[in-house]
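Student: here is a sequence together with a model predicted from it:
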Amino acid sequence: MSAAAPAAGGINARYGVSARRRRTDVAMRGVLLAGTAIALVPLLLIIYYLLHKGLSSMTSGGFFTSDPTGASAGFFGGAQKIGGIKSALLGTVEIVLIASAIAVPIGIGVALWLVEYGRNSVYANIIRFFVDVLTGVPSIVFGLFIYIVLIVGTGSTYAGWKGSVTLSLLMLPIVIRSAEVVLSLVPGALRESALALGAPRWRVIFKVVLPTAASGMVTGVLLAVARAAGETAPLLFTAGVTNVTTLNPTHYQNSLPLQIYNDFIAGTTQNFNRAWGAALTLVLLILIVNLSARFISSRSRLG
Amino acid sequence: MAVASAPAGARSILERPPAARLPDRILRYGLLGLSSLILVLIVFFFVRLISEAHPAFSHFGLFGFTFGQNWNVEASQFHALPLVEGTIVTSAVALIIGVPVAVAAALFIVELCPRRLSQPLAILVDLLAAVPSVVYGLWGFFFLVPKLHGIETDVARALKWIPFIGGSSITTTGPNLFITGLVLAIMILPIVCAISREVISRVPTDHKEAALGLGATRWEMIRLAVLPYSRVGIVSGAMLGLGRAIGETIAAVFLLGDASRIPQHLFGQGYSLAAVIANEFGEAQGLHRSALFAAGLVLFVFTLLVNGAARGIVARSSRTSRVPAGGAGGGGASAAAAVGA
Amino acid sequence: MTADRTTPSSVDVSPDDTADGTERTRAAQPVPSAGPAPAPAPVSSSAGHALRLEQLRAFYGDAEQVKGIDLDFNAGEVTAIIGPSGCGKSTMVRCINRMHEEIPGAHAEGRVLLDGENLYGPTVDLVAVRRAIGMVFQKPNPFPTMSIFDNVAAGLKLSGARGGGLREKVEGALRGASLWEEVKDRLSEPGIGLSGGQQQRLCIARSLAVEPEVLLMDEPCSALDPIATLKIEELIEELKQRVTIVIVTHNMQQAARVADRTAFMLTGDLVEVGQTSDIFTNPRDSRTEEYVTGKFG
């Protein structure tokens, strides 16, 4: 017989998927799609709301060039000026810069030791364990610690730099962890060929390892910075509350998160509006840092 | 045949002069010193915290403080149970809502969506991490609270036969435990999703092809090959998110109100360990202040337990099932760093 | 091996056939898609299932990896595909159970006929194709989180098999894969706890459990030691009565040992196909001769 008829029933009938399985497949795929959509909805809502409420306040005159006056508008009728957010913006920039200046060298140094010297020794693993523990500390507890040590302990008062120290405690484990990951991605062969050329260890580190890992580490640092810039709790009891712009970190310093918080507590519409403007500013700031980190990371030579 | 030899007394060229070894030594021991300093700092950190919290613990007893029912500032009664329960409730809501959504999104992004969309979608979800908690608090208070008020009342009435969730006499009055949990869910979404994505993408193609080769539909393949393999990593990601939710302060301050009673129902007010510290520390004295430190310590112990459990799960599963948990560990670290955990 | 040949229903009847039904190797020229008269499609019977490839082409994006293959796989036989690395043999085989299109950007053209039905037809269910055509991969890949029993049962559970019936089928599959005696007392242990060779037989059992009509094996022994390889080769000999087997191998001695017919591929083209003994001792094409004598590879 040489008829070319397909076997009875065809493959769909012999091996096909039951309607029930088909339905489950479609349904679950729908569920996963829905989950993704749900995950994105808050982002869109927040962006919309931020723009909607914050843009007008941000673009009003003097928003970035005047300090908060400390007055709450509207209580006594009339146009009492509540001012802008100059001190908060500058304060955030300075506080975060100083915090980075502390956390970055120390963090990279520790990561360097862990990868180059400590490696898998018991001591190194102990340090890694404790750094891990530090990662889990709630941010407000850092504030408590600095308060006790640097304010009560020294009998002195709030200061911008103390806020910076608190933030650096927060940033440290992030910097250490991401730097460690990046440094351990540097191929061993690279180090070995440099050493084989007769270069001393420190030169290999500074001329080969660090430059190779540089963009990855910058990414990690920027992400830590983005995180620190948005934190409120650690600054609550360390940096002090003030309205005036001061570039001197030994004074009380204002910051964007604290400004938003205080405006919320103030409770009047105008304060709320300013809070939204400040919120939009803060988010834009963090976004810029975040996107720069991504950009740098995409051009990294490693992993 | 005379072999050339160095003049007597001179050093061989193979030996480095002691001075040249100095920078290496400095670097090595300098960095070691730095790392040890960190160790000392962390230890000092805990010692100090414990000593500050000690008066409260000794006054009320360790268990009395943590599990006592009354947090009353005026009466100088500081027992943390209402705070603990508030923390648990909000974190539980955050997990229950946040983790499934995060995992679903991760599965979709890695397994289902068209290749070109994967990266943009992932970035969008990660952007949620760029929003600082104070902004979440603002948004939750001004946008979510009024929007959900009606729905919450309806749900409470419809489910009145479930204790804690329903009750016909409930009046929801704005900020409450549920909304806090909801916002916390949004806040932990990026972390859990990033880690889940990382782990899911490490499932070897082999296993996925084996499942498909058996005649599995797409979803069945995910169920057979992807989920069992990445289960461990996903759980550890969820625990990382949990740790974050537990310690979140400012959003809780905005959204919880400050009723330091035992939480009566989901849509009512409550308090959390972190929020109480933020709210009351400014003017706290003496025993009150010590109690707040104690609350901070309890908070911290919670996160420690959660993180430790996560690590334990990862370690135990990698011993028994030989599913490489390196995906959970290493991948988790870089993914977590990416969202600034 | 030739016993079944005289049964007309399992033979690829073509003008090239001699009177007793054995097949001559095709002439040493690129295989024409239409000979003097088009060959009727191979017909299945209870003796087995036949596969035919018609002008099969496979692409990765725009790059053509498999360039128009016509090839028959007879029922009840083992057909080996040999050729140097990169010649497209794995790609071609993966087109048969339509796994090739799982790779992003990859697609295939042409027809793959299973007992006369085109698997690339518009109404054909992809999942059905994969179930009808089993696959064993190069590296043994039992599901790591499942026990031995669950591994074999995985495909069966998908279509709702339960309880006693399920246990019978699992045992049958394990026996079919010559693994039952070795694992019958430890069915609940993890599948990856077995040795390499055992794992591969487990994967074979897993594929057999859903009773496929064809079994594709992509270099199944390349990760195994010689003793495990031998066991699997013996298994293949037993299995070919139940399933038509296509085996890709870079090991020519293996092809000589297990295969009834062998096809030689080179850079995406089918160079020659025929009885294994003829391919190795009396190849028609000079390229085939150079390959099997090791002049390149």
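Tutor: Noted; the coordinates are in hand.

Student: use CA for all of it now, contacts and neighbours both
Tutor: Fine.

Student: just checking, residue B:104 touches residue A:37?
Tutor: No: with contacts counted by CA atoms under 8 Å, residue B:104 stays clear of residue A:37, the gap being 9.8 Å.

Student: so who does the nearest residue to residue A:92 once chain neighbours are set aside touch?
Tutor: The shortest distance from residue A:92 to any non-neighbouring residue, by CA to CA, 6 or more residues apart in numbering or on different chains, is to residue A:255 (4.6 Å). Shown in contact with residue A:255 (CA atoms under 8 Å, 6 or more residues apart in numbering or on different chains): A:87-92, A:95.

Student: around chain C, pick out the residues from the stretch 1-150 of chain B.
Tutor: Residues of the stretch 1-150 of chain B lying close to chain C by CA under 8 Å from any CA of the partner chain are residue B:115.

Student: state the distance from the residue of the stretch 1-150 of chain B found nearest chain C to residue C:104.
Tutor: Among the residues of the stretch 1-150 of chain B, residue B:115 lies closest to chain C, at 7.9 Å counting by CA to the nearest CA. Distance of residue B:115 to residue C:104, given as CA to CA, to the nearest Å: 8 Å.

Student: what's the answer for residue A:170, then?
Tutor: Separation of residue A:170 from residue C:104 (CA to CA) stands at 42 Å.

Student: these two: which is more packed in?
Tutor: residue A:170 (28 against 11; other CA atoms under 10 Å in any protein chain shown).

Student: tell me the pLDDT at the more buried one?
Tutor: The model reports residue A:170 with a pLDDT of 92.

Student: just checking, it touches residue A:142?
Tutor: Yes: under the criterion of CA under 8 Å, residue A:170 makes contact with residue A:142 at 7.3 Å.

Student: picking up where we left off before, between residue B:104 and residue A:37, who's got more neighbours?
Tutor: The neighbour comparison of residue B:104 against residue A:37 (other CA under 10 Å) goes to residue B:104, with 24 against 15.

Student: show me the contacts for the closest residue to the more buried one other than its chain neighbours.
Tutor: Nearest residue to residue B:104 in three dimensions, chain neighbours excluded: residue A:32, at 4.8 Å (CA to CA, 6+ apart). Neighbouring residues of residue A:32 by CA under 8 Å, 6+ apart: B:104-105, B:107-108.

Student: which among these count as buried?
Tutor: B:104-105, B:107-108 (16 or more other CA atoms under 10 Å in any protein chain shown).

Student: before we move on, back to that, need the contacts of residue A:32 in CSV with pLDDT and secondary structure, can you?
Tutor: Below are the contacts of residue A:32 laid out as CSV (pLDDT from 0 to 100; DSSP: H, G, I helix; E, B strand; the rest coil):
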residue, pLDDT, secondary structure
B:104, 96, helix
B:105, 96, helix
B:107, 96, helix
B:108, 96, helix
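
Student: and of those residues, the nearest to residue B:220?
Tutor: residue B:107 (12.8 Å; CA to CA).

Student: ok, now which ones touch the closest one?
Tutor: Shown in contact with residue B:107 (CA under 8 Å, 6+ apart): A:32, B:197, B:200.

Student: what is the helix or strand containing residue A:292 packed up against?
Tutor: Using DSSP states H and E, residue A:292 maps to helix A:269-298. With contacts defined as 3 or more CA pairs under 8 Å, 6 or more residues apart in numbering or on different chains; DSSP states H and E, the packing partners of helix A:269-298 are helix A:19-58, helix A:210-229, helix A:256-266.

Student: mean neighbour count, those: which tops it?
Tutor: Stretch with highest mean neighbour count among those: helix A:210-229 (a mean of 24; mean count of other CA atoms under 10 Å in any protein chain shown).

Student: that one vs chain B: in contact?
Tutor: Yes: under the criterion of CA under 8 Å from any CA, chain B is reached by helix A:210-229 at A:220, A:223-224, A:226-227.

Student: which non-adjacent residue is nearest residue C:259?
Tutor: Using CA to CA, 6+ apart, the nearest residue to residue C:259 is residue C:78, at 4.9 Å.

Student: from residue A:279, how far out is residue B:133?
Tutor: Residue B:133 is 10 Å from residue A:279, by CA to CA.

Student: compare those two (neighbour count), which wins?
Tutor: residue A:279 (30 against 25).

Student: burial check on residue C:229, number of neighbours?
Tutor: Residue C:229 has 18 nearby residues by other CA under 10 Å.

Student: show the pLDDT at the closest residue to it other than its chain neighbours.
Tutor: Leaving aside its chain neighbours, residue C:229 sits nearest to residue C:221 (5.5 Å; criterion: CA to CA, 6+ apart). With respect to pLDDT, residue C:221 scores 92.

Student: picking up where we left off before, phi, psi for the residue nearest to residue A:92 please.
Tutor: The phi/psi pair for residue A:255 (degrees, to the nearest 10) reads phi -150, psi 160.

Student: mind checking how far it is from residue A:290?
Tutor: With distances taken as CA to CA, residue A:255 is found 19 Å from residue A:290.
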